[in-house]
Each structure stands twice: as C-alpha cells, then as structure tokens.
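# how would this look folded up:
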Amino acid sequence: TGAVGPVLGGWLVETLGWRSIFLVNLPIAATAAAIAWRHVPESRAAGGTARLDWLGGALATLGLGLMTWALTAAAEGMGLAPVLSAALAGGLLLGGFLRRQALLGARALIPLAMFGSAAFVGLTLLTFFLYGALGGLIVLLPYLLIRIEAWPAMQAGAALLPLPLLIGLGSPLMGKVTARHGGRLPLAIGAAVVALGFALLARVGPGGLDYPRMLLPTVLLVGLGMALCAAPLTTTVMASVDAAHTGTASGVNSAVARLGGLLATALLGFVFALDGAEAFLAGLRAAAWTGAACALVAAVSALVLIPPGIRPAESPPPAPRPIGFR
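Below you'll find the predicted structure:
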C-alpha cells in the first residue's frame, strides 16, 4: 500500500480531482473494519474492567486539530488573532489531555509511567523527528516535481516508489539483526543515513531538476535509512517497557509517528505559499536542512538514550490453536 498509494493518489488527482483522495479512504476503511469484525478473534485481559477513555481521546484529537489548523492558517496568511486563538485553545486542550492521563494512571490511554524509561523516551523522540522528516519528504518531493518540472501527478507519485520498496526488502533482514545485536546502532545509523539524504536534497537549485542525478539519490538514501530503522524501531519499542505495556507502547509509538508527519505537513504550508520558483526552491532547501537536522536529532536520541544491546525478550512460542472464523 505504501508503494501503490502515491501512484493511485496521483491518478485520482489527474482524473477525478484532488478531493477524491479523501473519499477513497472510505471504502478502504470500511473493508478493513469488516475484515476485523468478521475474522479477528476477541480478546480481553483477565479481570479487565477499564473503559476506553473517550474524553481523553476527544481532548487529544481536538487539541491536535486546532494546533494543525493554526499552523496551516498561519502559512496561508490568515490574521494573527484567529491563529493565536486556535493555537492557545489547542495547547490548553492538550494540557488537559496530559492532566487527565496523569489522573488515570495505569488506566490512561498513554500511561505516563512509561516515560520513566529512558529508552522509551529516546525511542519516542527518535520516532517523532525521524517520521516528521519522512512525512515532509513524501509531501514535498511530488509537489516539487509538479510545480517546478510540471510532471503529471501520477508520475510524481511514482517518484517515491523506491522508498516503500527498500523498506519492504530491508525490514526482514534488519529484524534478524535486531534480534541478535539490539536496535540501538541500527536506529542511529539509519537515522544518520536519512539525514545524509536530506542534505543531498538541499543541493536543489534553479536550472532544471534532473531526477536521476539530483533527486533519486535522496529517495534512495532516505529509503535505505528507513529500511535500517523500521524493524528495529518496532521491536525495540516493545522491549523498552514492561510486558504489561508492550501493546500500549506500540500504539503510542505509531501515534507519535503520525503526529510527526502531520506537523511536518502543516509546517510545509509556509514553503508552498512562497511565490515564484526561486523563492520556492529557497524554501525547499531550508526544509531539506530542517529534515536533515530532525534526522540527526533522531540519531543522537538513539545513541544517548537507548541502552546498548536492548532487544525483545525471548519468549516460548504460543501453543497451536485451530484456525477458524467467527
């Protein structure tokens, strides 16, 4: 889906218009929900009585929504009063969310006790900055090709194909490396490779963009770096907390990755709003250096906060169970 998505999105933009890229999620989500409802067996913790924290979820959603809207509106040049009002309201809602998580303790959506682990803090920082950089590239590169080189949207989406292909090919190998040697060094090296890819993107200037010579090296290096990181990140996150919180830690890490990409996309509005090719390319170079800096912060977080040799605990294989559908 990572490989097909950008190409399909480009085709939809060309044929049905950009609004269709949001509508196409409806049948996909409905299909996923139907599969889960029919084929995923129910499971509950023994004696579990905790209810889902709907209020906490609403506070986090509204807070992030307002903060993102404020960034987008600021990039579009909207008045200072509504932007600051939205940002302040979003910050207050997010503060309320954190307060509620502290009050709920172990029953919280995000138990704050998990952040008592330096490894989990390091992995959270790494995920935020690394996936923020990646999310920015996924939005920025096709836009660059469409705006400056007048590529068709579908072709611009296909320019990203090496990313998911490299991640898909490299993850099984890196899973074995992590199980044997731990995730600290693969994560640090992978993030550093991503930073190098963004540094190459900062070479872009006026005079035409040669994709094979100027842009493909960036895509390949970022894809290689993410291939080094993807599997180690997942397994190391689950090894950084106690067994009771492995599922929650995985969910939090996934949410942090989406949050990093969300904020990067909103901030890129300041680049997209620049008039003229030269001003846009200058903004793109600034965004590329910002992405490189974010990836370097991710690499340093891995080296400083993740202990050497951290790896998933050995566990016996689960007992065989009959395969069936409910």
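# Now stretch 118-137: average pLDDT?
Averaging pLDDT along stretch 118-137 gives 94.
# now stretch 265-281
Stretch 265-281 shows an average pLDDT of 88 in the prediction.
# Buried residues, that stretch. List them.
Buried residues in stretch 265-281, counted by 16 or more other Cβ atoms under 10 Å: 265-272, 280-281. Where C-beta positions appear, they are placed from N, C-alpha and C, glycine not excepted.
# Helices - which of those land there?
Those of the buried residues of stretch 265-281 mapping onto helices are 265-267, 269-272, 280-281, per DSSP state H.
# tally of neighbours for V252?
One way to gauge burial is a neighbour count; for V252, by other Cβ atoms under 10 Å, it gives 22.
# Correction: the previous question concerned P232.
Summarising burial for P232: neighbours were counted as other Cβ under 10 Å, giving 30.
# do the same with T15
For T15, the number of neighbouring residues by other Cβ under 10 Å comes to 10.
# Show me where the stretch 1-150 of the chain has its helices.
Taking DSSP state H, counting those that start in this stretch as the test, the helices found in the stretch 1-150 of the chain are 4-15, 20-23, 25-39, 54-75, 80-104, 118-149.
# which of these sits most buried?
Most buried of the helices of the stretch 1-150 of the chain by mean neighbour count (mean count of other Cβ atoms under 10 Å) is helix 118-149; its value is a mean of 22.
# Who are the packing partners of that helix?
Counting contacts by 3 or more Cβ pairs under 8 Å, 6 or more residues apart in numbering; DSSP states H and E, the secondary-structure elements packed against helix 118-149 are helix 4-15, helix 153-158, helix 184-201, helix 216-239, helix 246-267, helix 277-305.
# and of the buried residues of stretch 265-281, the nearest to A86?
Closest to A86 out of these is A266 (11.9 Å), distances taken as Cβ to Cβ.
# one step back: of all the helices and strands packed on helix 118-149, which one is nearest L209?
Proximity to L209 (Cβ to Cβ) singles out helix 277-305 among the helices and strands packed on helix 118-149, at 9.2 Å.
# Quick check: buried residues in that closest one?
With burial defined by 16+ other Cβ under 10 Å, the residues of helix 277-305 counted as buried are 280-285, 287-288, 290-292, 294-303, 305.
# residues contacting the spatially most central residue of the chain?
Among the residues of the chain, A257 comes closest to the average C-alpha position under Cα atoms, centre = their mean, at 3.2 Å. For A257, the contacting residues are 127-128, 131, taking Cβ atoms under 8 Å, 6 or more residues apart in numbering as the criterion.
# Closest one to P232 out of these, please.
Distance ranking of the contacts of A257 against P232, using Cβ to Cβ, places T127 first at 11.6 Å.
# and that closest one, what does it touch?
Applying Cβ under 8 Å, 6+ apart, we find T127 in contact with 233, 237, 253, 256-257, 260, 298.
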